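Trainee: curious how this folds, go ahead:
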Amino acid sequence: MYARVVRWEGADAEAMKGSVERIRADAESGPPEGVPAKKLWILHDLEGGKAMAITLFETAEDYRQGDETLNSMSPPGDGMGRRVGVDKYELAIELEA
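Mentor: Numbers count the residues shown, from 1 in each chain. Model (predicted):
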């Protein structure tokens, strides 16, 4: 399993809330075409104006395809602030309570 971790900074709290709601609404029918994701988490710090998206992919090829597609897209509106990083990780441990 592979994780794509994207970080944003400098967002206005209300604009960030709006962008998150638009992403949630768009995602109700599943991930966008070209993004074979298994899971998506969006974390935000409204007071700090920061957000993070973690997208999980089953295989390296799924990651490559999803990364390529997501890099060509922008979050809805400008509420996420400026993108400050995109990192790739391989899942080492998964625990559930």
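Trainee: what about the chain, any weak spots by pLDDT?
Mentor: 75-78 (pLDDT under 70).
Trainee: what's the helix or strand for the residue positioned nearest the centre of it?
Mentor: Nearest to the geometric centre of the chain sits Ala53, at 3.0 Å (Cα atoms, centre = their mean). Ala53 belongs to strand 50-57 when assigned by DSSP states H and E.
Trainee: can you give me how far that strand is from the chain middle?
Mentor: In terms of Cα atoms, centre = their mean, to the nearest Å, the centre of strand 50-57 is set 4 Å apart from its chain centre.
Trainee: got the buried residues for it?
Mentor: Residues of strand 50-57 classed as buried by neighbour count (16 or more other Cβ atoms under 10 Å): 50-51, 53, 55-57. Backbone N, C-alpha and C define where each C-beta goes, glycine included.
Trainee: one more: stretch 59-67?
Mentor: Neighbour counts over stretch 59-67 (16+ other Cβ under 10 Å) mark 62-63, 65-67 as buried.
Trainee: in JSON lines, list the buried residues of strand 50-57 along with distance to Ile93.
Mentor: JSON lines is the format used below for the buried residues of strand 50-57 (distance: Cβ to Cβ, whole Å):
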{"residue": "Lys50", "distance to Ile93": "25"}
{"residue": "Ala51", "distance to Ile93": "24"}
{"residue": "Ala53", "distance to Ile93": "21"}
{"residue": "Thr55", "distance to Ile93": "18"}
{"residue": "Leu56", "distance to Ile93": "13"}
{"residue": "Phe57", "distance to Ile93": "17"}
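Trainee: how about the helices in this structure?
Mentor: 13-27, 60-71 (DSSP state H).
Trainee: those helices into a markdown table, with extra columns for distance to Ile93?
Mentor: Listed next are those as a markdown table, based on distance: least, Cβ to Cβ, whole Å:
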| stretch | distance to Ile93 |
| --- | --- |
| helix 13-27 | 26 |
| helix 60-71 | 18 |
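Trainee: tell me which of these lies nearest to Lys88.
Mentor: helix 60-71 (6.7 Å; Cβ to Cβ).
Trainee: which parts of stretch 4-22 are buried?
Mentor: Buried residues in stretch 4-22, counting neighbours by 16+ other Cβ under 10 Å, are found at 4, 6-8, 11, 16, 19-20.
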